[in-house]
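# Build me a structure from this.
(one chain, ligands or ions: 1)
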Amino acid sequence: MIDALPLHGHVRVALVQQHRPSHRMESAGALARPPTVMDSASPHEQMAPSPYTILAVDGQAETRAETKRLLEREGHTVLCASTGGDALSLLADKSVQVVLVERVLPDMTGTKLVEHIRDTDDLVQIILQNSHAGAYPSRELLRALAIQGYHDSSDGPEKLLHCVDIACRTHTVLERSRRSENLKAQLVANVSHELRTPLNVILGFIELMREGTCGAQPPEATEALTTIHRQALILLHLINDFLDLSKLQAGAVHLGCEPVSVSMIVDEFRDTLPVLLGDAPVSPRWDISPDAYAIADGSKVRIIVQNLISNAAKYTVQGEIAIRVRTNGAQAYVTVSDTGPGIEPENLERIFGLFEQVEAPGSCRQGGTGIGLYLARTFSRLMGGDITVESTPGIGSTFTLRLPAAH
Ligand code: ADP
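A predicted model of the protein is given here:
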């Protein structure tokens, strides 16, 4: 019988119940002991080799051997470990898709071993086993351990094989989706990298032309050059965000924190902000205390400041953008205030989430990717600081970067 549970209009869960006597009822009296893994309900023949390697961790030599025989008959490669320590050594060395963990091991509990495994591998499928029937673990425990399932010796070998089948299939699906995710991230990183080099060359030439190094420009060309310059800067910013995100997601971000002049880093943007503003009636205001130093990674501070300033320029159509740098005791602060559309109170935290974009009341969407503030907050926190925002819809926003000060 199939009981479909409609939830919010969708069928979310289907419980399948077979109306036949349970294995235990059928064999009541016939089985003086709980069925062992070899008491399979149907006779098994040796199956074709499977691509899966399964690790059976059990302190009892007899149970390990039985489990090994049962799973090898299914075509799996089976590794065995008698302790949690041996299991971890094997996992560090071999590619394993499913682990069967006995609840009690000679050197640690099964749940401790699962926690150790999960510290380094979130893909391997784990089935907790109990060769002493009864005492099912709670659903909360199984959920917290993020494991495939639980098998009790009284459930019999067919149930164990079924759990292993599902675990193997789940591993295949997860691995396939992880691989395609990685390929996509790699593609974005490669394309971004390839785009950045020619774009930097374009920007270099635009700057030379604007400075007059390539000869005087007619007035019509000056305006066109300013627009090309602005668009090229926006594109470079976008590409840099993609590259930084892929490095962050690949765990390839290395912070070199040392005393850096926050004042000098912010000052670098004095020339860029007017280009980003174009002919919008917005006045930049700079108030940079010259002696603001922080213990930070200069390249990451640059990314954060660039994101805050380019957002202010993007979202402010008139008024003022004020940039202030200060130290106050143990902290160095950069604040970027604008007279843009502001942000609704319920969105003040949301905007720091990855790919989160919100539309301010009365403003139209400004494009973008929703990556900038996520990177800015992540990097600031990795450096022991943070980013906060205060905003009044219709009046403007103030973003504050806080970093540990260097004295
Ligand atoms: P993006 O600007 O590319 O959309 P961000 O992560 O930099 O991505 O910003 C996330 C969202 O936060 C933006 O989509 C916008 O809704 C809001 N936001 C950021 N800065 C400002 C600002 N200065 N004024 C108003 N809204 C802002």
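# just so I have it, where are all the helices in the chain?
Under the criterion DSSP state H, helices of the chain are mapped to 23-26, 61-73, 84-93, 110-120, 139-145, 157-211, 219-249, 262-267, 272-277, 298-315, 372-382.
# Domain map for the protein?
2-178, 180-249, 258-404 (automatic domain parsing).
# first vs last residue of the shortest one, how far apart are they?
For domain 180-249, the separation between the terminal residues is 14 Å (C-alpha to C-alpha, to the nearest Å).
# if we can go back for a sec, the helices of the chain: lowest mean pLDDT?
Of all the helices of the chain, mean pLDDT reaches its minimum on helix 23-26 (a mean of 34).
# picking up where we left off before, okay, the helices of the chain in TSV with distance to E359 and mean neighbour count next?
Every C-beta, even on glycine, is put in place using the N, C-alpha and C of the backbone. Converted to TSV, these look like this (distance: least, C-beta to C-beta, whole Å; neighbours: other C-beta atoms under 10 Å):
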stretch	distance to E359	mean neighbour count
helix 23-26	58	12
helix 61-73	55	17
helix 84-93	48	17
helix 110-120	39	18
helix 139-145	36	13
helix 157-211	25	14
helix 219-249	19	16
helix 262-267	29	20
helix 272-277	21	18
helix 298-315	11	22
helix 372-382	15	21
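# Need these in TSV (columns: distance to L100).
Formatted as TSV, the helices of the chain follow (distance: least, C-beta to C-beta, whole Å):
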stretch	distance to L100
helix 23-26	20
helix 61-73	7
helix 84-93	10
helix 110-120	10
helix 139-145	14
helix 157-211	8
helix 219-249	32
helix 262-267	54
helix 272-277	59
helix 298-315	44
helix 372-382	38
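# Reformat the ones you listed as a markdown table; add distance to the ligand.
As requested, the helices of the chain are exported to a markdown table (distance: least, C-beta to the nearest ligand atom, whole Å):
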| stretch | distance to the ligand |
| --- | --- |
| helix 23-26 | 56 |
| helix 61-73 | 49 |
| helix 84-93 | 38 |
| helix 110-120 | 31 |
| helix 139-145 | 32 |
| helix 157-211 | 15 |
| helix 219-249 | 8 |
| helix 262-267 | 16 |
| helix 272-277 | 12 |
| helix 298-315 | 4 |
| helix 372-382 | 3 |
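# among these, which is nearest Y333?
When those are compared by C-beta to C-beta, helix 262-267 sits nearest Y333, at 8.6 Å.
# which residues touch the closest one?
Applying C-beta atoms under 8 Å, 6 or more residues apart in numbering, the contact partners of helix 262-267 are 286, 288-294, 296, 298, 301-302, 305, 323, 325, 332, 334, 403.
# now swap in stretch 192-202 and tell me
Outside stretch 192-202, the residues touching it (C-beta under 8 Å, 6+ apart) are A232, L235, L236, I239, N240, F242, L243, S246.
# Contact partners for the fifth one?
Same thing as N240. With contacts defined as C-beta under 8 Å, 6+ apart, N240 is in contact with S192, R196, I303, Q306.
# Looking at the stretch 1-150 of the chain, which residue is nearest the ligand?
Distances from the stretch 1-150 of the chain to the ligand, computed as C-beta to the nearest ligand atom, single out D122 as the nearest residue at 26.6 Å.
# how close does that residue get to H171?
For D122, the distance to H171 equals 11 Å [C-beta to C-beta, to the nearest Å].
# Repeat that for Y333.
Distance, Y333 to H171, by C-beta to C-beta: 48 Å.
# same thing with P49?
As judged by C-beta to C-beta, P49 and H171 stand 17 Å apart.
# do the same with R143
The gap separating R143 from H171 is 19 Å, by C-beta to C-beta.
# for L373, same thing?
Separation of L373 from H171 (C-beta to C-beta): 35 Å.
# what's the answer for T111, then?
Here the criterion is C-beta to C-beta. By it, T111 lies 21 Å from H171.
# cool, and I395?
Going from I395 to H171 by C-beta to C-beta gives 53 Å.
# what's the answer for C257, then?
Separation of C257 from H171 (C-beta to C-beta): 39 Å.
# try E72
Applying C-beta to C-beta to E72 and H171 gives a distance of 18 Å.
# so does stretch 384-404 get close to the ligand?
Yes: remark: stretch 384-404 sits within contact range of the ligand at S397, by C-beta under 6 Å from any ligand atom.
# buried ones in that stretch?
385, 387, 389, 391, 393, 396-403 (16 or more other C-beta atoms under 10 Å).
# Please export the C-alpha coordinates of that stretch as CSV.
Extracted C-alpha coordinates of stretch 384-404, given in CSV (Å, rounded to 0.1, in the frame of the first residue of the first chain):
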residue,chain,number,x,y,z
GLY,A,384,38.8,38.7,13.1
GLY,A,385,36.6,41.6,12.1
ASP,A,386,33.1,42.0,10.7
ILE,A,387,30.8,44.1,8.6
THR,A,388,27.6,45.6,9.8
VAL,A,389,25.0,47.8,8.2
GLU,A,390,22.5,50.4,9.3
SER,A,391,20.0,51.7,6.9
THR,A,392,16.8,53.8,6.6
PRO,A,393,14.7,53.1,3.5
GLY,A,394,14.4,56.2,1.4
ILE,A,395,17.3,57.9,3.3
GLY,A,396,20.4,55.7,2.7
SER,A,397,22.7,53.1,4.2
THR,A,398,26.0,53.0,6.2
PHE,A,399,28.2,49.9,5.9
THR,A,400,30.9,49.6,8.5
LEU,A,401,34.0,47.4,8.2
ARG,A,402,35.7,46.6,11.5
LEU,A,403,39.2,45.1,11.7
PRO,A,404,41.6,44.5,14.6
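# Run through the bridge partners of V104.
According to DSSP bridges, the residues that bridge with V104 are T109.
# thought it was touching G110?
Yes: the pair V104 and G110 qualifies as a contact (C-beta atoms under 8 Å) at a distance of 6.5 Å.
# The closest residue to the ligand within the chain: what's it in contact with?
Residue nearest to the ligand within the chain: G368 (2.4 Å; C-beta to the nearest ligand atom). Going by C-beta under 8 Å, 6+ apart, G368 touches K314, Q357.
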